[in-house]
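**Q** sequence and predicted model, in that order:
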Amino acid sequence: MQVLAVALVVCSGGFAQKPNVPPSPNEDVPPEPRVAATQVKAPPHEMTAADVESFLDGFLPLQLERENIGGAVVSVVKDGKVLFAKGYGYSDVEKKKPVSVDATLFRPGSISKLFTWTAVMQLAEQGKLDLDRDVNTYLDFRIPATWPQPITLRNILTHTTGFEETVKELFVPEGSRLVPLKEYLPNHIPERIFAPGATPAYSNYAATLAGYIVERVSGRLFNDYIAENIFRPLGMAHSTFAQPLPAELKPLMSHGYTVGSGSSKPFEVLVPAPAGSLAATAADLSRFMIAHLQDGKFENAKILRPETAQAMHSRQAALSPDLNAMALGFYEETRNGHRIIGHGGDTLYFHSDLHLVLDAGVGFYISYNSAGKGEISPRSALWEHFMDRYFPFTPPEAAPMATAAADAATVSGYYISSRRSDSTFLKSTEIFGEVHVTSGPDGILTIQPFKDFNGEARKWKEISPMLFRAVNGQERIAFVHDKDGRLVLATNFPAIVYQRSSWVDATPWNRLLITSSLAMLALTLLFWPVAVVVRRHYQIRLELTSQQRSLRLLVRSVCVADIVFALGILLTISGDDPTGLLSGKLDSRLLMFQGTGLLGALGALAVIYAVIRSWRERGLWFWATAWNFLVMVACLGFSWFAIHWNLMNFNMKY
């Protein structure tokens with residue numbers, strides 16, 4: 001299950017000292033991508049308020065209806081002013097309450113993190129934080145030293161801390177006690193699965209850690225600090241990180257929906273608030289965009305010094321110079337010949353994007369209060385059409401690569417996301433979620449589940465060694481080797497990479513193992529009563545000793561335990577109430593089923609004994625011997641699968 005995070009920004013007025021925020025300590029930072037001017041055509045549409053309104057009025061209402069979305073709000077800023085802003089659809093579908101730009105709160109999810117990052121940069125320019133210092137020096141607890149290298153704020157801002165993914169108590173039901181950061185963070189430290197600075201792996205926990213550091217260094221509660229140093233200077237009067245919402249803002253909050261035609265959902269409470277708990281109007285987000293487009297300045301207010309804002313927007317080290325990279329908190333989204341930085345955000349029900357076209361002085365914010373049908377990404381479709389309308393671009397033709405077929409064959413295989421959990425049962429969610437790269441004889445790649453807006457798998461053509469571009473598109477991917485020599489698939493989203501899976505972790509082997517094992521166990525249980533009925537019909541008495549009967553019953557009990565375990569875990573983690581698992585209230589159920597699985601795994605030893613003993617018996621039908629052997633293999637295969645994928649390691653720190 002995909003989850004969101006929030007970010008806070010803190011700023012202050014001018015200071016006498018030079019900010020301690022160099023772009024990067026790495027001297028090998030690749031240059032920002034440049035595009036020859038001859039590749040960009042003159043725009044057929046001038047970006048005026050009237051033209052933007054015409055475009056969005058024609059696009060968004062149809063999109064909301066087609067995708068079954070309740071409502072949306074959009075804001076476009078240009079040259080330091082709001083060019084266009086409007087709400088579409090309803091904030092309360094049942095009551096037909098329309099979305100308002102300045103009087104409807106949406107939850108922008110991880111866009112909140114931009115506020116947290118801004119806060120960090122403000123304290124850095126004051127000399128109170130050093131981006132390259134061990135974060136443990138700012139904490140009242142310690143991050144364990146799994147690796148020789150310490151985690152720094154620069155690692156946090158570039159999502160290279162190496163933390164595994166965790167989701168427990170990410171969201172909790174409305175009305176639940178909101179655990180303070182001082183209590184939440186020490187009790188939810190994720191395992192460190194990568195060395196700091198080595199592998200991008202998006203982390204909500206790390207963003208929350210940054211928010212807590214802001215809180216400790218500033219001496220102000222995180223919510224208060226953001227309100228005083230960002231919201232107030234920018235005039236963001238309808239924005240808050242507070243949960244529950246303040247009384248004066250609660251009536252303005254849009255309902256959230258899975259689909260617009262469905263029932264409204266409760267207010268989402270995000271425990272790691274600095275990672276995604278912001279609620280704000282589009283009008284307020286417009287002010288924030290303008291401040292960053294103007295290097296920290298909005299009207300007469302300054303939240304960052306120009307050099308600090310520029311450092312925050314600067315490109316950091318990347319796995320490939322040909323792909324987008326992380327900035328400090330923002331990530332690059334370069335498209336249509338323009339360098340763009342931004343951030344996306346998702347809560348359970350709200351889905352948003354914020355983009356800053358730096359060289360054009362344009363900002364674009366879109367937020368939906370429903371996921372909709374989920375067949376495509378509505379926000380991506382809107383953004384790409386917006387860019388193509390006002391910044392049209394034709395990628396240069398690439399000459400055919402002689403190595404295309406060989407390179408495509410080399411990179412074919414299965415890849416696992418770096419944003420994952422390796423130490424808890426959540427590891428199992430990667431089994432069937434791997435990225436699958438296949439190649440044709442012409443060297444064209446197909447990558448599942450990467451799809452175009454038409455629902456078809458996107459095709460990729462090699463344009464330089466190990467660099468591929470989407471056929472009929474401009475998205476790029478690259479295949480590189482990490483420091484350990486492992487092949488890595490890097491995309492234009494720089495906060496996650498995909499590492500090549502070993503055969504034992506790849507989907508085909510695991511699909512074959514688990515489906516065949518479960519099928520064998522299920523058939524054994526199904527044929528048990530069938531065999532009884534057949535014997536009674538033909539009046540055949542099963543001549544067994546008491547020990548044979550006991551072993552026979554034990555084998556079937558192991559099959560029952562394995563089936564109950566598998567179904568129980570599956571139903572628990574795929575229930576209709578996502579906050580149940582995320583809040584931890586289903587832990588007792590998980591532990592119960594894991595205990596059942598442990599009994600099944602221990603029982604597999606008894607199955608081995610029973611099968612070996614049956615082979616010594618004379619007169620046993622050949623097919624009975626073969627069936628017993630297959631049951632043993634199924635029990636062992638299922639137990640290996642459950643142990644390998646942490647399905648019964650009883651670790652509830654997920």
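**A** It's in.
**Q** if you average the pLDDT over stretch 446-465, what comes out?
**A** The average pLDDT within stretch 446-465 is 92.
**Q** meant to ask about stretch 574-589
**A** For stretch 574-589, mean pLDDT is 79.
**Q** buried residues in it?
**A** Within stretch 574-589, the residues scored as buried using 16 or more other CB atoms under 10 Å are 578, 579, 580, 581, 582, 583, 584, 586, 589. In short, each C-beta sits where N, CA and C put it, glycine included.
**Q** what do you get for stretch 137-145?
**A** 138, 143.
**Q** what secondary structure does residue 414 sit in?
**A** Recorded secondary structure, residue 414: strand (DSSP: H, G, I helix; E, B strand; the rest coil).
**Q** so residue 343: helix, strand or coil?
**A** Taking three-state DSSP, the label given to residue 343 is strand.
**Q** report the contact partners of it.
**A** 7, 110, 111, 113, 114, 329, 330, 331, 353, 354 (CB atoms under 8 Å, 6 or more residues apart in numbering).
**Q** max pairwise distance over those: which two?
**A** Among the contacts of residue 343, the pair separated by the greatest distance (CB to CB) is 329 and 353, at 15.4 Å.
**Q** could you list the low-pLDDT ranges of the stretch 51-200 of the chain?
**A** Across the stretch 51-200 of the chain, nothing is flagged by pLDDT under 70.
**Q** now do the end-to-end distance for stretch 463-473.
**A** 12 Å (CA to CA, to the nearest Å).
**Q** for that stretch, give me every contacting residue.
**A** Stretch 463-473 is contacted from outside by 320, 322, 395, 398, 401, 403, 407, 411, 444-445, 452, 458-462, 475-480, using CB under 8 Å, 6+ apart.
**Q** stretch 568-585 now?
**A** For stretch 568-585, the surrounding residues in contact (CB under 8 Å, 6+ apart) are 1, 3, 167-173, 176, 268, 348, 425, 428-429, 586, 589-590, 592-594, 596-597, 647, 652.
**Q** list only those of these flagged as buried.
**A** Buried, going by 16+ other CB under 10 Å: 3, 167-172, 268, 348, 425, 428-429, 586, 589-590, 593-594, 596-597, 647, out of those.
**Q** return the subset of those lying in helices.
**A** Taking DSSP state H, the ones among these that sit in helices are 589, 590, 593, 594, 596, 597.
**Q** out of the residues you listed, flag the one nearest to residue 211.
**A** For these, the nearest to residue 211 is residue 590 (28.8 Å; CB to CB).
**Q** so the closest one touches residue 425, yeah?
**A** Yes: at 7.2 Å, residue 590 counts as touching residue 425 under the criterion of CB atoms under 8 Å.
**Q** so where's the protein shaky on pLDDT?
**A** Residue ranges of the chain with pLDDT under 70: 1-43, 531, 535, 541-544, 575-577, 618-621.
**Q** right, and the helix or strand after the helix ranked longest in it?
**A** For the chain, the helix that runs over the most residues, judged by DSSP H, is helix 507-537. Scanning forward in sequence from helix 507-537 by DSSP states H and E, the next helix or strand is helix 546-573.
**Q** that next one: how far from the chain's middle?
**A** 35 Å (CA atoms, centre = their mean, to the nearest Å).
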